[in-house]
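[1] Generate coordinates for the sequence data below:
(one chain, ligands or ions: 1)
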Amino acid sequence: MISFPDDFLWGAATASYQIEGAVDEDGRVPSIWDTFSHTPGKVAGGQTGDVACDHYHRYADDVELMAWLGLRAYRFSVAWPRLADLSFYDRLVDALLAKGITPVATLYHWDLPQSLQDEGGWTNRDTAYRFADYATAVHERLGDRVATWTTLNEPWVSAFVGHGSGRHAPGVTDPAAAFTAAHHLMLAHGLGVQALRAAGAQSVSLTLNLSPALGEPGPAQLIDGLANRLFLDPVLRGEYPPDVLEHISRFTDVKLDDLPTIAQPIDVLGVNYYSVNRVLADPGSPGNPEFPGSEGIAWATPHGELTEMGWEVNPSGLEDLLLRLTRDYPGVPLMITENGVAYPDAVADPDRIAFLDAHFRAARAAMDKGADLRGYFVWSLMDNFEWARGYDMRFGVIRVDYETLERTPRDSARWYRDVIARGGLEG
Ligand code: FCB
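    Have a look, this model is predicted:
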């Protein structure tokens, strides 16, 4: 038996816009994802989050499923556009606590109010201060029952997919805007941590999507800098890495005075891990607008098996990543806040079981070598609106029938339930 600590936080994760639906209810205002998904050509099949999994109305049944799974914790996000009426989250949190499931609340999982976007969104420094006010307001409402808070989910994606390639809302394609947004997102995180601490939050974290960069040293260092160190170093060391700062200065200036605010101590670092970046030098390559300034770098053919998203399955990348964080940023406990996989729709999903099994083993191996890993949240509890890829990418351990909205646990859900119940994996 490959066992995990008794208090290991086995969980599952979702995000507001991906599951809730009910976009016009109880005073919710439009978000950048409403605008984006309703813009023709932006999302596969013209799909939107208008209904999604209808979790807003079905949350009680969904919490029953979480209890059936035996989840210790549930990571959800609060929709900033619902700030006028947060009572849905009151009900959700109460339902979770009634089942003994620890709520882990993320304040920003990409659904910025459109009204803030109209004032520049994350390219406007003021948005960071508005985020801190929002954090205070949500804590005021839920802080008596929610102890664990995450400021932002994956600021890299908000900044570079939202403003570099424009594949995500708000759909901007401007490298300077992308770096400015990245800086303001980190400032929002720091101000948010201060606000949450002032309000008495027990545990505060940030979730980053981190991907090891593999391949030729020069290209790998640049891509590692832009994907990983651009966020890790300001947040955990209070500095931009010199090579990254020099690269950014080709496009824009960032306000270095903000670094002490950005580097507020955090209680845990959330890690979202899906795959690796394999890169090589290729003088003719136009680069990738999600890594501004990557001209002359190409992405190599992924190795081995690919997921529906086209991502390489690479569990050893997770072990390497956890050990690297342990070595380079010591003293910060780690939590895997997302890991999971999209495969073609089926209830019998041995491929997903194999994927999760291999990644759980990689995490355990890293723990054996010293990584202070406190928990693991599978992405996702159920199939949902996978952003620009729409509903065809199915990440759930629970299947959702989008015609009837019926939920059906996949084999991987039963398997995960057994893992949690026995506290580990069979030999
Ligand atoms: C992550 C997001 C999450 C989901 C997974 C597949 O980047 O945080 O919302 O889309 O990817």
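[2] Contacts only, for the residue nearest the centre of the chain.
    Central residue of the chain (CA atoms, centre = their mean): N153, 4.2 Å from the mean position. Applying CB atoms under 8 Å, 6 or more residues apart in numbering to N153 gives the contacts A15, S77, T106, Y108, H109, W110, T207, G270, N272, T337. C-betas here are computed from N, CA, C, even on glycine.
[3] who touches the closest residue to the fourth one other than its chain neighbours in this structure?
    Distances taken as CB to CB, 6 or more residues apart in numbering put L152 closest to Y108, at 4.8 Å, once the chain neighbours are dropped. Listed by CB under 8 Å, 6+ apart, the contact set of L152 reads T106, L107, Y108, S158, L185, A188, H189, G192, L206, T207.
[4] Check S205 too.
    T148, W149, T150, T151, I266, D267, V268, L269, G270, M335, T337.
[5] if we take the residues you listed, which one ends up nearest to the ligand?
    Closest approach to the ligand among the contacts of S205 (CB to the nearest ligand atom): T337, at 8.5 Å.
[6] Restricted to helices, list the contacts of L152.
    Here DSSP state H is the test, and these give L185, A188, H189, G192 as lying in helices.
[7] Can you tell me which of those are buried?
    For these, a burial check counting by 16 or more other CB atoms under 10 Å picks out L185, A188, H189, G192.
[8] Out of those, which is nearest to the ligand?
    Once CB to the nearest ligand atom is applied, the member of these that ends up nearest the ligand is L185, at 13.8 Å.
[9] Name the SS class of R327, please.
    Of the three states, R327 takes helix according to DSSP: H, G, I helix; E, B strand; the rest coil.
[10] Roughly how far does it sit from the ligand?
    25 Å (CB to the nearest ligand atom, to the nearest Å).
[11] what's the neighbour count on that residue?
    By other CB atoms under 10 Å, the residues close to R327 number 10.
[12] hmm, back to that, for V400, state which of the contacts of S205 is nearest.
    Using CB to CB, T337 is the member of the contacts of S205 that sits closest to V400, with 21.4 Å.
[13] Which residues are in contact with that closest one?
    So T337 contacts A13, R75, V104, T150, N153, S205, T207, G270, V271, N272, F377 (CB under 8 Å, 6+ apart).
[14] Can you tell me which residues in this structure are near the ligand?
    A15, Q18, N153, E154, V157, N209, N272, E338, W379, E386, W387, F395 (CB under 6 Å from any ligand atom).
[15] swap the cut-off to 5 Å and go again
    A15, E154 (CB under 5 Å from any ligand atom).
[16] ok so, going back, just the ones of the contacts of T337 in helices?
    Per DSSP H, the contacts of T337 never map to helices.
[17] one step back: ok, of the contacts of N153, which one's closest to the ligand?
    Scanning those for proximity to the ligand, where the rule is CB to the nearest ligand atom, the winner is A15, at 4.8 Å.
[18] what's around that closest one, how many residues?
    A15: 26 neighbours (other CB under 10 Å).
[19] Name the nearest of the buried ones among the ones in helices among the contacts of L152 relative to A201.
    G192 (9.8 Å).
[20] Make sure that closest one is actually in contact with A135.
    Yes. Proximity of G192 to A135 meets the contact threshold set by CB atoms under 8 Å, at 4.4 Å.
[21] how about the strands in the stretch 51-200 of the chain?
    According to DSSP state E, counting those that start in this stretch, the stretch 51-200 of the chain carries its strands in the segments 73-77, 102-108, 148-153.
[22] mind putting these in a markdown table, mean pLDDT included?
    What follows is these, written out as a markdown table (pLDDT from 0 to 100):
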| stretch | mean pLDDT |
| --- | --- |
| strand 73-77 | 99 |
| strand 102-108 | 99 |
| strand 148-153 | 98 |
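[23] TSV for those strands, including distance to L196?
    As requested, these are exported to TSV (distance: least, CB to CB, whole Å):
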stretch	distance to L196
strand 73-77	15
strand 102-108	9
strand 148-153	5
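[24] Kindly state which of these is positioned closest to R237.
    strand 148-153 (17.6 Å).
[25] Pairing partners for that closest one, with directions?
    Strand partners for strand 148-153, identified by DSSP bridges, are recorded as strand 102-108 (parallel), strand 203-209 (parallel).
[26] Looking at these, which is nearest to G218?
    Per CB to CB, nearest to G218 of those: strand 203-209, 22.9 Å.
[27] Which SSE is immediately downstream of that closest one?
    Using DSSP states H and E, the helix or strand that follows strand 203-209 in sequence is strand 213-215.
[28] what's the spacing between that following strand and its chain's center?
    22 Å (CA atoms, centre = their mean, to the nearest Å).
[29] Likewise for stretch 51-63?
    20 Å.
[30] And it, what's buried?
    Neighbour count says stretch 51-63 has V51, A52, C53, D54, H55, Y56, R58, Y59, D62, V63 buried, by 16+ other CB under 10 Å.
[31] Out of these, which is nearest to L222?
    A52 (36.7 Å).
[32] residues in contact with the nearest residue to the closest one once chain neighbours are set aside?
    Leaving out its chain neighbours, the residue that sits closest to A52 by CB to CB, 6+ apart is G21, at 4.3 Å. With contacts defined as CB under 8 Å, 6+ apart, G21 is in contact with G49, D50, V51, A52, C53, D54, H55, Y56, H57.
[33] Which helix or which strand is home to G21?
    Judged by DSSP H and E, G21 forms part of no helix or strand.
[34] How much space separates it from the ligand?
    16 Å.
[35] and S165, how many neighbours does it have?
    When counting by other CB under 10 Å, one arrives at 18 neighbours for S165.
[36] ok, the contacts of T337 vs Y391, which is closest?
    Taking these together and measuring to Y391 by CB to CB, the closest member is A13, at 17.7 Å.
[37] shaky segments in the stretch 251-400 of the chain?
    The stretch 251-400 of the chain contains no residues with pLDDT under 70.
[38] Tell me which stretches of it form helices.
    259-262, 315-328, 350-368 (DSSP state H, counting those that start in this stretch).
[39] so what's the nearest residue to T48 once chain neighbours are set aside up against?
    Take T48 and drop its neighbours on the chain: the residue closest to it by CB to CB, 6+ apart is S37, 3.9 Å away. Counting by CB under 8 Å, 6+ apart, S37 makes contact with V43, Q47, T48, G49, A169.
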